[in-house]
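Trainee: What shape does this take:
(one chain, ligands or ions: 1)
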Amino acid sequence: MLCDVCWFMLRGQREFEWKGTYDLLFKHHQKVGSLDCSAELKCSICRILRDMLPDHLKPLAKFPPDDDLSVTARLSVQRTHTYDPGVSTARGVGNQAITTEVDNALYRLDFTLEFHSFKKQRTFVLKEIGQSLEKSY
Ligand SMILES: [Zn+2]
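Mentor: The predicted model follows:
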């Protein structure tokens, strides 16, 4: 299950920010209460993000819901790097090459969570399942 923030980020690109790269950058949760509420609703992503917090910042409910925190996300297409050692000849090893292929079925979703002086990153790998999903309320 995904909360509305995660759902609309992934399906509707809500809160998308242009930073001059091909990766998609998003503002995710920006308030303590918003992240805590989504985690309590059992959002698969937000529960993990909230659990990253150290013990002295748990539970989030002890902080005012309007307190600022920062969760940002970067969504990119997963790239596969292949190393080709080249061809061996009598004079040694021939040209070596690293080829990079884009795997359109896998996406990398990097989150950065900042709260007080705490900062941590977490990466999720998403796989396209080829189905169109509708949000149910
Ligand atoms: Zn969420």
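Trainee: Is the ion within reach of the helix or strand Phe26 falls within?
Mentor: Taking DSSP states H and E as the criterion, the element that holds Phe26 is strand 24-27. No. Using Cβ under 5 Å from the ion, strand 24-27 never reaches the ion; the gap is at least 11.7 Å. Using the backbone N, CA and C atoms, a C-beta is placed for each residue, glycine as well.
Trainee: Distance from the very next helix or strand once past that strand to the middle of the chain?
Mentor: Going down the chain from strand 24-27, the next helix or strand is helix 32-40, by DSSP H and E. Put simply, helix 32-40 sits 17 Å off its chain's centre (Cα atoms, centre = their mean, to the nearest Å).
Trainee: mind exporting helix 32-40 as PDB, just the C-alpha atoms?
Mentor: Provided in PDB are the C-alpha atoms of helix 32-40 (Å, rounded to 0.1, in the frame of the first residue of the first chain):
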ATOM      1  CA  VAL A  32       6.700  15.600  10.700                       C
ATOM      2  CA  GLY A  33       3.000  15.000  10.900                       C
ATOM      3  CA  SER A  34       2.800  14.100   7.200                       C
ATOM      4  CA  LEU A  35       5.400  11.400   7.300                       C
ATOM      5  CA  ASP A  36       4.100  10.000  10.600                       C
ATOM      6  CA  CYS A  37       0.600   9.800   9.300                       C
ATOM      7  CA  SER A  38       1.600   8.000   6.100                       C
ATOM      8  CA  ALA A  39       3.700   5.600   8.100                       C
ATOM      9  CA  GLU A  40       0.800   4.900  10.400                       C
END
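Trainee: ok, that helix near the ion or not?
Mentor: Yes. Using Cβ under 5 Å from the ion, helix 32-40 reaches the ion at Ser38.
Trainee: neighbouring contacts of that helix?
Mentor: 3-6, 29, 46-47, 49-51, 59-61, 63-69, 71, 115 (Cβ atoms under 8 Å, 6 or more residues apart in numbering).
Trainee: Now Met1. Nearest residue, chain neighbours left out?
Mentor: Spatial nearest neighbour of Met1, excluding adjacent residues (Cβ to Cβ, 6 or more residues apart in numbering): Lys42 at 5.5 Å.
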